[in-house]
Every structure is written in C-alpha cells, then in structure tokens.
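Peer 1: pasting the structure only:
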C-alpha cells in the first residue's frame, strides 16, 4: 500500500488550526516499548559486536541489554512517569504478558493504553510476506 492510498493529500495551509487543550503549544505522546525476542534467533540490532564476528546463538552480551530493559529499565521509566503523573501507552508483544507479567500488570494498574505489537518480536525484514 502506497502512502497516498492511506491518507488523502491535504496541504497544511488548507487545514483548520489545531487547538490543544489549555492553550498548549506542544503535544507529547509517551510510548514505552516492551519486546520479547527469542534468544535462539540472531538479534537484528546489537549494541556490541559479536565476539570473533559471526552471530553466536544465544548472543549473551546483546541479550543482556534486552533483559536489562525488562528487569531494570522499565521500572526506572515507571518511577519517572509516576513522579510527573504521566500516563503512557505501552507497545507490548503478547508474549511479554506471559513471560514478564509484572510489566503488563504495572501498566494496567497505572491506566496505560495498550498497543498490540505482535505476539513475539521478530526481525520483520527476514519474515516472509505472508507471515508478516
């Protein structure tokens, strides 16, 4: 689907002025992304170059940053968002709800919006079209 098939062309000069509540001039949408990658598949984004080249499975150094996010990073985000009374949206894989249930529960208890982000995270460039 090409971009022009989704949204009709509309020059900004012809659109009505957007008025935000309270006269605000900036809108911010906070989305926290929580993914569950399969450790038995190569990670498509790596922080560290795999040792000796290649793609070891499991890629422990790079898997560690994924786990850090779910074990530590998410909870630091919630601390900051709670402090400023910000309700976020949670882009979440379905498998996260099973494997990291406290994350999903914490977002639910805070009244966050849930955004479906597939069941398990995959490198979509390597998934056959029918599957994607």
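Peer 2: Yep, that arrived. What you see is a predicted model, and the numbers here were worked out from it, not measured in a lab. Residues are numbered from 1 along each chain as shown.
Peer 1: And the contacts of stretch 48-65?
Peer 2: By Cβ atoms under 8 Å, 6 or more residues apart in numbering, the surrounding residues in contact with stretch 48-65 are 37, 39-43, 46-47. Where you see a C-beta, it was placed from the backbone N, CA and C, and this is true even at glycine.
Peer 1: Give me the buried positions along the helix or strand residue 68 falls within.
Peer 2: Per DSSP states H and E: residue 68 is located in helix 60-68. For helix 60-68, the neighbour count (16 or more other Cβ atoms under 10 Å) marks 62-63, 66 as buried.
Peer 1: From those residues, pick the one nearest residue 105.
Peer 2: Distances from residue 105 to the buried residues of helix 60-68, taken as Cβ to Cβ, are shortest for residue 66 (20.0 Å).
Peer 1: That closest one reaches residue 38, doesn't it?
Peer 2: No - using Cβ atoms under 8 Å, residue 66 is not in contact with residue 38; the gap is 10.5 Å.
Peer 1: Just the buried subset of the contacts of stretch 48-65, please.
Peer 2: 37, 41-43.
Peer 1: Let me see the ranges of the strands in this structure.
Peer 2: Along the chain, counting by DSSP state E, strands occupy 31-34, 89-92, 113-116.
Peer 1: okay, the ones you listed, which one's buried deepest?
Peer 2: strand 89-92 (a mean of 19; mean count of other Cβ atoms under 10 Å).
Peer 1: who's in contact with it?
Peer 2: Residues contacting strand 89-92 (Cβ under 8 Å, 6+ apart): 29-34, 103-104, 107, 112-117.
Peer 1: pLDDT (mean, whole number) over stretch 33-42?
Peer 2: For stretch 33-42, the mean pLDDT works out to 82.
Peer 1: With stretch 118-132 instead?
Peer 2: 62.
Peer 1: cool, stretch 96-104 as well?
Peer 2: Stretch 96-104 comes out at a mean pLDDT of 93.
Peer 1: quick one: buried residues of it?
Peer 2: For stretch 96-104, burial by neighbour count (16+ other Cβ under 10 Å) applies to 96-97, 100, 103-104.
Peer 1: bridging residues for the spatially closest residue to residue 117 that is not a sequence neighbour?
Peer 2: Computed as Cβ to Cβ, 6 or more residues apart in numbering, the closest residue to residue 117 that is not its neighbour in sequence is residue 91, at 4.5 Å. Under DSSP bridges, the beta-bridge partners of residue 91 are residue 33, residue 115.
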